[in-house]
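> Build me a model from this:
(2 chains)
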Amino acid sequence: MPDSLTTTFGTTPAAAGPAREPFRTTAGGRIDRARPLAFRFDGKTYAGVQGDTLASALLANGVHLVGRSFKYHRPRGIMTAGSDEPNALVTVSRDAARTTPNLRATQVELYDGLAAISQNRFPSLAFDVGAINDRISSLLPAGFYYKTFMWPRGFWDRVYEPLIRSAAGLGRVPTAPDPDRYLQRHAHCDVLVIGAGPAGLAAALAAADAGARVILCDEQAEMGGSLLADRQSTIAGRPASAWVAEALAELAGHERVTLLPRTTAFGYYPHNHLGLVERATDHLAAPSTEVPRERLWQVRAREVVLAAGALERPLTFPENDRPGIMLADAAHTYVARYGVLPGRRAVVAAANDSGYRAALALAEEGVEIAAIADLRRAPSGAWLDAARKAGLPVQTGMTVTGTSGSLRVDGVSLASVEDGGEVGATRDVGCDLLLMAGGWTPSVHLFSQSLGKLRFDEALQAYVPGIAAQPIRAAGGADGEYGLEEALSGGQRAGVEAAAAAGVSGASPRVFVTVSPPADTSSVLGALPHPTASRGRDPSRVRAFVDFQNDSTAKDLKLAVREGFRSVEHAKRYTTTGMATDQGKTSNMPMLGVLSQAQGKTIPEVGFTTFRPPFTPTTFGIFAGAARGELFDPARRTPIHPWAAAHGAVFEDVGLWKRARYFPQRHRNGAAEDMDAAVARECLAVRQGVGIFDATTLGKIEVVGPDAAEFMNRMYINPWAKLGVGRCRYGVMLREDGFVLDDGVVGRIAPDRFHVTTTTGGAASVLNMMEDYLQTEWADLQVWLTSVTEQWAVIAVQGPRARDVLAPLVDGIDLSAGALPHMALAEGRICGVPTRLFRVSFTGELGFEVNVPAGYGRQVWEAIHESGQPYGITPYGTETMHVLRAEKGFIIVGQETDGTATPDDVGLGWAIGKAKPDFVGKRSLTRSGMMDPGRKQLAGLVSADGQTVLEEGAQLVGDARMNVPMSVLGHVTSSYYSAVLGHPIALAMLAGGRSRHGETLYVPMPRGLAGSIAPIAVKVVPPVFYDPEGTRLDV
Amino acid sequence: MERFSGLSLLRHAMGGHQGWKPFWREPEPKPAYDAVIVGGGGHGMGAAYYLAKQHGMRNIAVLEKGWLGGGNTGRNTTIIRSNYLFPESAALYNHAVKLWETLSEELNYNTMFSQRGVLMLAHTVHDVQVFKRHVHANRAAGVDNEWLSAAECKAFCPPLNISANIRYPVMGGALQRRGGTARHDAVVWGYARAADSLGVDIIQNCAVTGIRRDASGAVEGVETERGFIRTRKVGVSAAGNTSVVMAMAGLRMPLESFPLQALVSEPVKPDFPCVVMSNTIHAYISQSDKGEMVIGAGTDAYTSYTQRGALHMTSHTLDAICELVPMYRRLRMLRNWGGIVDTTPDRSPIIAKTPVPGLYVNCGWGTGGFKATPGSAHLFAHTIAKDEPHPINAPFSLERFTTGRFIDEAAAAAVAH
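You can find the predicted model right below:
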């Protein structure tokens, strides 16, 4: 059988190919026999019809062997007809990319050309070498891996674990990126109804009648739930299915109702926020690329009605897992809804009347009922009477002691249970189908997810919704009301109440006159009685499965209890029961039953495990939605970005911004400069002529109000009161813990107005912190904060010729040193547009930063660039900016500082306003640890050979022998080749750095750790490498 | 304690596994103990084990309000690494890694410690600087860590998307080969079994409701749901609820508790070979031995004691996973849960004595406590037994928040320039 998923099916004419389906009934059900489909399973072509699931179509072809279990690789078939399926997991593939593993065949809607393969088997489904695990299963009880694989130690990583890993897992990951789209929608409603069975439909109708905005979702393709397979009941005199059609038509006519079929409510979050996933295209043979594959609905519902129904329980008896063993309700659904016979000769093991219903439906279609083994001692009621009347062989007080068959069940051992509990002689009955009717379990998952308290109902032997923690109410099967009439009236009541609670009322209640067979609440939990002395059977090989997918058995659970795993959470984790992809839908209650037996406790004493989202496995893609590629995070671009891109800039990501890193020039041979060459050229241009730099990304905050100076005094370490209008100051901001948070030049525009700049990455956090203080600590201050980062484009013009470049362009601003000295600002016009012109320098050269309204940024940039042509004006990027400032010993917050540096550490102690009573972080600066003389301080480094450019992040040690662990003195924070100096330079944070000038230290390089390469010797120098007197600034 | 091995498994298989004994007793609490550990997670259970094993304190108890390992021990994404920036942290976490390497033998219980490598991705120039600093610092401290180019990252972890067509392309990564994962439940079960065999009383379903102090202010016992227990030494190892327990002794802790989420996919055949972490886009992923992709999300923005988180946090993590491995868009989330993490201002833990004589605390592990379990437990036991910290945990004191001698691992995520 092919493992390949890439074979396409497409062109085979559906009707012509495969043979007819031997197990399809001739009439009835909700399938369209007039629309035949062809599909492939493990490479073989089969026929199905429109309306089938993959499971029903496989059964129609007599295919029961569909998968292999997780641990023992046991052959498995189809156990359910819905999302609770633990066994029938397949991979469905359109191509290598559009391949989805682990889908339940019971939920896969058939389309023409569908290709599915089975999983977790090699080389084939029928012959799987992994089944060796089943042969040696006595060596592999729960938790066996905790007790072994420890010797020899190295074998775990190299031998045991790889073996375990390759045996584990289910389907395979697609081999190519998923090309499909996923979208997200947000919706609000008054009432969200989950489940469109009788209770859900009644609830939706009632809420809609009241005028509520209603969303009704159901995980199946067709709404109607149990009514779709109900051939007996009538509602308001009409067959159930006809009533469903009318109800849906009526709901569709309400303009305030949204119907969402194929939509699973998977998660319940705080404040009645629910996640729904709508599957939009998986059922289509040729999906349009216009439609997303799946859609995440994030719904805020005022009220929720949980009408998710109830799930049938399997029975816990030996070898209850063979293909051909299925839930009675599932068999009934296959016959009644899909027109499929799941076998020819059936045995029914019933603890609930559901078994009779299935038997009667099967018998009606000609299936031989070999035996109905009722587990109850003295059942009674209409279903039993009907079965007896139909001549079905009913035996009461029975148990199942085992089954036979390899790839499909071929026989069942039945035995009677005496009054005292002794199991009588077994009788083997041949069959190809064994049904289990263990009673019902309400689907309370979402109620539990909403943090509502569950209540154990003794009569039902099930957990039902108790006290709600959020606005949610349950109805129908989910509320433990299994009868049709109760479901309809309960749903109606829930709908009315929910609408009223949402503030909408006015509906006149409907009365649903129903004729329906009685509902049965009986059930069984725990392992069925079996002979104490097993005849001819190795007891260690008898296994009654509780979690079918994970292969955990009643024996495993008992072992867990024996070994002290008494808490239900422990037993679950130790045996992995309930942790398979079905999330315990069929195994949870049986597990509690076995644990209750093993510990001699009641079910409530055993407790239960937490229900966690999602209700069923949910595609990763919907959570990501459109957030992929460029849309993963918004990209911020400056107005000058297109110019930079057109001039060949290489960009880097800084926060959300795209910043030009350098501008490589093309050589005459067409090759581009590398970064080092470009940066050296750009640096020299600024030092010798003039450069132009896009500084727009700097954060900018306008601080305005009568108390603006006081506010600045409190936020920054610097004093602001005496800063004159038209003057600038370099500001430093600390966190409460005293460490440098951010820095930037602040200009005083007016007595009550500051133009604050921040680092590019820090803009948001600085504004957040300012607002936090302003709103929570200093609400008395009359100050208003406005982010103006995107209002201003900022063009830095730096270099000895900067004034010459700008002078012809400005209007009303005197650029002379006397009128506009270093750290001054002026308002006026440039190129005819308003500007705030700062004379500031991050390069150590004569420099200006031209702020203009962002819309004019590109135009002014181009004008300056044009004006600078006679002086060889050179655009430069962030990398050159970094080199130029490092030559001057200016720090970059986030590079020299890392959240552990005080102002004094980085040489900014001078900036502290000593006379200020307080500022954020001041108190922290006086803590002993903050004043330790051994703290790391900013220092300069030059490599001893005058050539080696150190690696940023490299460590500094005093001992050239480098014995690990080394005593580290500090690290290199910035390191570049300085073109103007002709040698490399570096900044470092170094313990006691300011007192080490002149010392020789060593930089160990990784490869040198073994001692093969000598460390790099460096000399400690002051951190200002170029123009320490600052003469180039004041020109 | 019966020795576990392949042979013991074989022997018990002959008897249909009927002969296995409980891993631990379920004793009634005694009226008095020499020491009581509050919190039966990996850290607390491990501390009890080392107290008994290395310090000879056998008359001790572990009090757990729920079930063993039911807190963050059973809720984390099992990542183990020691490539922390500061020497104090590297020493602490490396102490743990060394213990991890022999833990299965030490406990005679397979904790499935798997050194499959932890790769931390860099997506920006700033990331590259930060991670290279980590590599250099770690190598100098004797902690393995190496720098990989983007292509080398891809070779080490083939599913990764290193193309330029994503928003933050991979620029390289720091790889710690000795990092990896372990089976979280097995750690606490293994410690519990070994501690029990040394006489430690493990008392589940026994919440501590008060800490009683004598006239001098020293601890004299704990009030519990099952009565008063006299003891002169109480070690609190209560993770997200540490503040609550410490308040019983009148101490206000420098902690905030946040919900942190994690999730797993359905199991698939082996595809993802190592642990990959990306702080920049918030993605943490590995594949368990069972085949599930184990994925960590971020903390909610607001403090809470509810063990569940918000949908948008999950979404934000999965969009990052889908960017890094676009094949995984079709995988499906199987389970999503939350735990409560206690975080300190400098994102480093506290393993220390407290101002209350006889009261010790091990907390503040934030989002990364699992990796430290054996090391933390070992050092906490030392601190309790000797009434003074081990040199490795001495810097992780409570006093550092007043002296300012932080160990600020949040520095690794310093403000971008």
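> Tell me where the model's unsure across chain B.
B:411-417 (pLDDT under 70).
> just the helices in it please.
B:6-14, B:42-55, B:87-107, B:125-141, B:150-156, B:184-197, B:242-247, B:311-324, B:373-386, B:400-403 (DSSP state H).
> Between those, which one is closest to A:H983.
helix B:125-141 (21.5 Å; Cβ to Cβ). C-beta: built from backbone N, CA, C; applies to glycine.
> And the closest one, what's buried?
With burial defined by 16 or more other Cβ atoms under 10 Å in any protein chain shown, the residues of helix B:125-141 counted as buried are B:125-141.
> close to chain A, is that helix?
Yes. Remark: helix B:125-141 sits within contact range of chain A at B:125-126, B:129-137, B:139-141, by Cβ under 8 Å from any Cβ of the partner chain.
> Geometric centre of chain B: which residue is closest?
The centroid of chain B falls nearest to B:F370 when counting by Cα atoms, centre = their mean (1.5 Å).
> now that residue: how far from chain A?
15 Å (Cβ to the nearest Cβ, to the nearest Å).
> for that residue, what are its contacts?
Residues in contact with B:F370 (Cβ atoms under 8 Å, 6 or more residues apart in numbering or on different chains) are B:G42, B:N72, B:T73, B:N76, B:T77, B:T78, B:I79, B:I80, B:A182, B:H184, B:V187.
> so what's the second one up against?
I take that to be B:N72. Residues counted as contacts of B:N72 (Cβ under 8 Å, 6+ apart) are B:G41, B:A239, B:G240, B:G339, B:I340, B:V341, B:W365, B:G369, B:F370.
> Next, format the residues of helix B:125-141 next to chain A as JSON lines and append distance to A:Q232.
Shown next, in JSON lines, are the residues of helix B:125-141 next to chain A (distance: Cβ to Cβ, whole Å):
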{"residue": "B:V125", "distance to A:Q232": "71"}
{"residue": "B:H126", "distance to A:Q232": "70"}
{"residue": "B:Q129", "distance to A:Q232": "73"}
{"residue": "B:V130", "distance to A:Q232": "69"}
{"residue": "B:F131", "distance to A:Q232": "68"}
{"residue": "B:K132", "distance to A:Q232": "73"}
{"residue": "B:R133", "distance to A:Q232": "74"}
{"residue": "B:H134", "distance to A:Q232": "70"}
{"residue": "B:V135", "distance to A:Q232": "72"}
{"residue": "B:H136", "distance to A:Q232": "77"}
{"residue": "B:A137", "distance to A:Q232": "75"}
{"residue": "B:R139", "distance to A:Q232": "76"}
{"residue": "B:A140", "distance to A:Q232": "79"}
{"residue": "B:A141", "distance to A:Q232": "76"}
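> and which of the contacts of B:N72 is nearest to chain A?
Taking Cβ to the nearest Cβ as the measure, chain A lies nearest B:G339 of the contacts of B:N72, at 12.0 Å.
> Not counting sequence-adjacent ones, nearest residue to the closest one?
B:R75 (3.7 Å; Cβ to Cβ, 6 or more residues apart in numbering or on different chains).
> and residue 172, what does it touch?
No chain specified, so I'll use chain A. A:R172 touches A:T91, A:T99, A:P101, A:Q119, B:V268, B:K269, B:D271, counting by Cβ under 8 Å, 6+ apart.
> Hmm, no, I was thinking of chain B.
With Cβ under 8 Å, 6+ apart, B:G172 has these contacts: B:L121, B:A122, B:V128, B:F131, B:W147, B:L148, B:S149, B:A150, B:E152, B:C153.
> Are any of those buried, and if so which?
B:L121, B:A122, B:V128, B:F131, B:W147, B:L148, B:A150, B:E152, B:C153.
> I'd like the average pLDDT over stretch A:51-67.
Stretch A:51-67 carries an average pLDDT of 98.
> burial of A:E458, as a residue count?
Neighbour count for A:E458, taken as other Cβ atoms under 10 Å in any protein chain shown: 10.
> for the one 10 residues further on, same thing?
Close neighbours of A:A468, defined as other Cβ under 10 Å, add up to 16.
> Pull the contacting residues for the nearest residue to A:V650 once chain neighbours are set aside.
Spatial nearest neighbour of A:V650, chain neighbours left out: A:R661 (5.0 Å); criterion: Cβ to Cβ, 6+ apart. The contact partners of A:R661, by Cβ under 8 Å, 6+ apart, come to A:A649, A:V650, A:F651, A:E652, A:M675, A:G877, A:T878, A:E879, B:V125.
> same thing but 10 Å
A:644, A:649-654, A:675, A:678-679, A:876-882, B:125 (Cβ atoms under 10 Å, 6 or more residues apart in numbering or on different chains).
> Walk me through the domains of chain A.
Taking automatic domain parsing as the reference, chain A has its domains at A:5-139, A:182-310+A:442-514, A:314-435, A:524-618, A:932-1035.
> which residues of chain A score low on pLDDT?
In chain A, residues with pLDDT under 70: A:1-19, A:532-541, A:1007-1013.
> From the centre of it, point out the most distant residue.
Distance-from-mean max, chain A, by Cα atoms, centre = their mean: A:G818 at 60.7 Å.
> Which secondary structure state is assigned to that one?
Under the three-state scheme (DSSP: H, G, I helix; E, B strand; the rest coil), A:G818 adopts coil.
> pretty sure A:P287 contacts A:G113?
No. Shown here, A:P287 and A:G113 do not form a contact pair, counting by Cβ atoms under 10 Å, at 12.0 Å.
> Which residues are in contact with each of those two?
A:R94.
> Just say helix, strand or coil for A:Q298.
With three-state DSSP as the criterion, A:Q298 reads strand.
> Pairing-wise in the sheet, spell out the partners of it.
Taking DSSP bridges as the rule, A:Q298 bridges to A:H186, A:G275.
> Contact partners for it?
Applying Cβ under 10 Å, 6+ apart, we find A:Q298 in contact with A:184-188, A:267, A:269, A:273-276, B:311-312, B:315.
> From B:T111, how far out is it?
Distance from A:Q298 to B:T111, counting by Cβ to Cβ, to the nearest Å: 39 Å.
> next one: A:S523
For A:S523 relative to B:T111 (Cβ to Cβ), the value is 40 Å.
> can you tell me which of the contacts of B:N72 are in strands?
Those of those mapping onto strands are B:G339, B:I340, B:V341, per DSSP state E.
> For burial, what's the neighbour tally of A:A680?
The local packing of A:A680 (other Cβ under 10 Å) involves 18 other residues.
> Sticking with it, tell me its helix or strand.
If you go by DSSP states H and E, A:A680 is part of helix A:675-688.
> Show me what counts as buried in that helix.
Buried, per 16+ other Cβ under 10 Å, within helix A:675-688: A:A678, A:V679, A:A680, A:R681, A:E682, A:C683, A:A685, A:V686, A:R687, A:Q688.
> Run through the residues that contact the residue in the stretch 151-300 of chain A positioned nearest to chain B.
Per Cβ to the nearest Cβ, A:G169 is where the stretch 151-300 of chain A lies closest to chain B, at 3.1 Å. Applying Cβ under 10 Å, 6+ apart to A:G169 gives the contacts A:70, A:101-102, A:119-120, B:266-271, B:287-292.
> Give me the secondary structure label for the residue of the stretch 701-850 of chain A found nearest chain B.
The stretch 701-850 of chain A approaches chain B most closely through A:G761 (3.1 Å), counting by Cβ to the nearest Cβ. Three-state call for A:G761 (three-state DSSP): coil.
> Please report phi then psi for it.
For A:G761, the backbone dihedrals (degrees, to the nearest 10) come out as phi -80, psi -20.
> Likewise for A:A328?
phi -60, psi -40.
> Then A:E879?
Backbone geometry at A:E879, expressed as degrees, to the nearest 10, gives phi -70, psi -40.
> how many neighbours does the residue in the stretch 251-400 of chain B that chain A sits nearest to have?
Residue of the stretch 251-400 of chain B nearest chain A, by Cβ to the nearest Cβ: B:G291 (3.1 Å). When neighbours are defined as other Cβ under 10 Å, B:G291 has 27 of them.
> got the contact list for it?
Residues in contact with B:G291 (Cβ under 10 Å, 6+ apart) are A:70, A:102, A:120, A:164-171, A:173, B:264-272.
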